[in-house]
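>>> Compute the structure for the input listed below.
(2 chains)
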Amino acid sequence: MSATGLHWFLSPLCALLLAPLLPGLINRTKALVAGRRGPPLLQPYRDALKSLRRGAVYGAATSPLFRLGPVVNLAALAASLLVLPFAGIGAPVGFAGDLIVLAGLLALGRFATMLAALDTGSSFEGMGASREAHFAALAEPALLLALATLVRVTGAVSLTPIYAAIGIATWAHTLPTLALVALTFVVLELVENSRIPVDDPNTHLELTMIHEVMVLDHSGPDLAFIQYAAALKLWVLGALFVGLVVPLHGGSLWLDGAAALLGMAGLAVGIGMVEAAMARYRLVHVPQFIVGAATLSAVAFIVYLA
Amino acid sequence: MPALLETIAAIGLVSCFALLGTSRIGACIRWLSLQGIVIGLVPLLAHDGGFGLRVLLLACGNIALKGVIFPLILLRLRARTDYHREVEPFVGFVASVLFGIVALAVSLWLALALQPALRHAPFLMLEAAIFLVSIGLFIIISRRKALMQVIGYLILENGIFVFAVITVVTTPLLVELGVLLDAFVAVFVMGIAVFHINREFGSIDVDQLTALRG
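Below is the predicted model of the structure:
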């Protein structure tokens, strides 16, 4: 256990309570830029509550794996919050190598979603799972390389000390490295959460979508779990980015927390702007985009080596 | 100013990867322009204290030529030959980027081997110089459109320039300006050659030049 005092529970609590605000904020920004009013900020909460009250429908061809998918996914992401530091508050659990656990938990959640999608026997969902596997295989090296770069820069091997060690002085020393890592995190946030240049979260009809196609057969509480888990994933990767670019450890819990939350809100607004301004890439160009991110982190790693 | 030099090196490296992964020739030219501008700044930062007229002139000449004039010539050429994309390169874009990573590792190794001989050279710039040379050569051999070959040549030239600036403490101004003039003439001649290739063959695909064989 890392020694973080009385406030160890604050970081996961923040995430669990505030994560659904991120998709709300993104959608609101998108709508405002497009000149519409957009859904209220709390819409994701309402959607989740509505889905939770409903019953789930399971296809006759599905096995228990299908029911397990959303639960395992949500559990994996909730568990990943335990090693995630936020706003200068350390993570509840910290040990050497917990960054690999974080990557592993993200992969486990994805794996469960893909299995559930394959379990439906629908070729459409199988296609989505195949794409998810393809892009994840490219995105994971980028994440691990970015984290490895942070390990080298700070000399720590656990997320809480890594993020505690990054301050304004670190930025002044290793500006290009950290800037490249931050860029990688932005790309990963877009890729892992199926945001716009990679996948359009609003489509349900297109042949080129990735994440939404895998969850087409889920309904009721399962769908609520999936949407909540998606919000948590947005939060987890966002926290990695915000912890890097808002490296304020003023000592005051409330000020640091406010700065980090503002950072998260800024990130959500930024994603909304990107989504409003860009079109989705053609599917063949997506691997190029992700390999580009992996390249950025590789360059960051090598620049720091030198 | 090591942090600034590091930033320049990082921008140089990233621009190389962008050049490797982009199919649009216009975008390539703009990245090349950015690369030319940041690399033109190297003489100002490479030697502490040597902020004289000679260095200033060299930096200005470089930025003007590589950041502005060459890109303008290339953009004009692109408009005249009407080829906007590198459609099917000999090596694909993802494979090119992967080659870039390998080349980065190799140039790191080469720079490590060279460092004992060149103690005063900033290590990252040394690595960037070797990397630029290798990427320039790679683009020359892996792309089909003659315009991309000119771009590859200019990346190569950037690499040699960086190498010269950081390793040789004082080069006579006349030599530096001569090199710049050479590059200028080369780009000029290549521009004319590309234009004539386009007029003669109806394309600037270098693969079709084999039709010249008797």
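>>> can you pull the buried residues of stretch B:76-88?
B:77, B:78, B:81, B:83, B:86 (16 or more other CB atoms under 10 Å in any protein chain shown). Yep, even glycine has a C-beta here, placed from its N, CA and C like the rest.
>>> Stretch A:245-265 now?
Applying 16+ other CB under 10 Å to stretch A:245-265 flags A:245, A:246, A:247, A:248, A:256, A:257, A:259, A:260, A:261, A:263, A:264, A:265 as buried.
>>> neighbouring contacts of it?
By CB atoms under 8 Å, 6 or more residues apart in numbering or on different chains, the surrounding residues in contact with stretch A:245-265 are A:7, A:10, A:14, A:18, A:22, A:25, A:86-89, A:163-164, A:166-168, A:170-171, A:182, A:235, A:238-239, A:242-243.
>>> What helices and strands are in contact with the helix ranked longest in chain B?
The longest helix of chain B (DSSP state H) is helix B:173-201. With contacts defined as 3 or more CB pairs under 8 Å, 6 or more residues apart in numbering or on different chains; DSSP states H and E, the packing partners of helix B:173-201 are helix B:53-62, helix B:70-81, helix B:146-167.
>>> pLDDT of whichever strand or helix holds residue A:129, averaged?
Following DSSP states H and E, one finds residue A:129 within helix A:123-154. For helix A:123-154, mean pLDDT rounds to 92.
>>> Over to stretch A:110-120?
For stretch A:110-120, the per-residue pLDDT averages 93.
>>> Off-centre distance for it?
Computed by CA atoms, centre = their mean, to the nearest Å, the separation of stretch A:110-120 from the middle of its chain amounts to 18 Å.
>>> Can stretch A:198-218 be said to contact chain B?
No. If you take CB under 8 Å from any CB of the partner chain as the test, stretch A:198-218 misses chain B, and the best it gets is 15.3 Å.
>>> Verify the stated contact: residue B:108 with residue A:304.
No. Assessed by CB atoms under 8 Å, residue B:108 is found out of contact with residue A:304, at 11.3 Å.
>>> show me what contacts residue 57?
Reading this off chain A. Contacts of residue A:57 by CB under 8 Å, 6+ apart are A:219, A:220.
>>> Oops, wrong one, chain B.
Taking CB under 8 Å, 6+ apart, one finds residue B:173 in contact with residue B:57.
>>> now the helices for chain A?
A:10-18, A:21-33, A:43-53, A:64-80, A:98-119, A:123-154, A:159-165, A:168-173, A:175-192, A:211-214, A:221-245, A:253-277, A:286-305.
>>> Which strands or helices does the first one pack on?
Taking 3+ CB pairs under 8 Å, 6+ apart as contact, the helices and strands that helix A:10-18 lies on are helix A:221-245, helix A:253-277.
>>> That helix versus helix A:253-277: what angle between them?
40 degrees (axes from the mean of the first three to the mean of the last three CA atoms, to 10 degrees).
>>> what about helix A:10-18, distance to the chain center?
Worked out by CA atoms, centre = their mean, helix A:10-18 lies 14 Å from the chain centre.
>>> So what touches that helix?
By CB under 8 Å, 6+ apart, helix A:10-18 touches A:78, A:81-82, A:84-87, A:89-92, A:232, A:235-236, A:239, A:253, A:257, A:261, A:264.
>>> Same question for that helix: list its buried residues.
Under 16+ other CB under 10 Å, the buried positions of helix A:10-18 are A:10, A:11, A:12, A:14, A:15.
>>> Over to the fifth one?
The neighbour-count criterion (16+ other CB under 10 Å) identifies A:98-99, A:101-102, A:105-106, A:108-119 as the buried residues of helix A:98-119.
>>> Quick check: closest non-adjacent residue to residue A:301.
Nearest non-adjacent residue to residue A:301, counting by CB to CB, 6 or more residues apart in numbering or on different chains: residue A:149, 4.6 Å away.
>>> What residues does the one you found make contact with?
Residue A:149 neighbours (CB under 8 Å, 6+ apart): A:177, A:180, A:181, A:297, A:300, A:301, A:304.
>>> contacting residues around the last one?
If you count contacts by CB under 8 Å, 6+ apart, residue A:304 has them with A:149, A:152, A:153, A:174, A:177.
>>> Enumerate every residue touching the nearest residue to it once chain neighbours are set aside.
Leaving aside its chain neighbours, residue A:304 sits nearest to residue A:177 (4.5 Å; criterion: CB to CB, 6+ apart). Going by CB under 8 Å, 6+ apart, residue A:177 touches A:149, A:153, A:300, A:301, A:303, A:304, B:10.
>>> What does the pLDDT read for the closest residue to chain B within chain A?
With CB to the nearest CB as the measure, residue A:176 is the residue of chain A nearest to chain B, at 3.3 Å. On pLDDT, residue A:176 comes in at 84.
>>> next one: residue A:163
Confidence score, pLDDT, at residue A:163: 90.
>>> do residue A:305 as well
Residue A:305 is given a pLDDT of 74.
>>> Provide a list of residues in contact with it.
Here residue A:305 is in contact with A:152, B:108 (CB under 8 Å, 6+ apart).
>>> 10 Å instead?
By CB atoms under 10 Å, 6 or more residues apart in numbering or on different chains, the contact set of residue A:305 is A:149, A:152, A:177, B:105, B:108, B:112, B:123, B:124, B:127.
>>> picking that back up, can you pick out the most distant pair from the contacts of residue A:149?
Using CB to CB, the two most remote members of the contacts of residue A:149 are A:297 and A:304, lying 10.7 Å apart.
>>> shared neighbours of these two, anything?
A:148, A:149, A:150, A:177, A:180, A:181.
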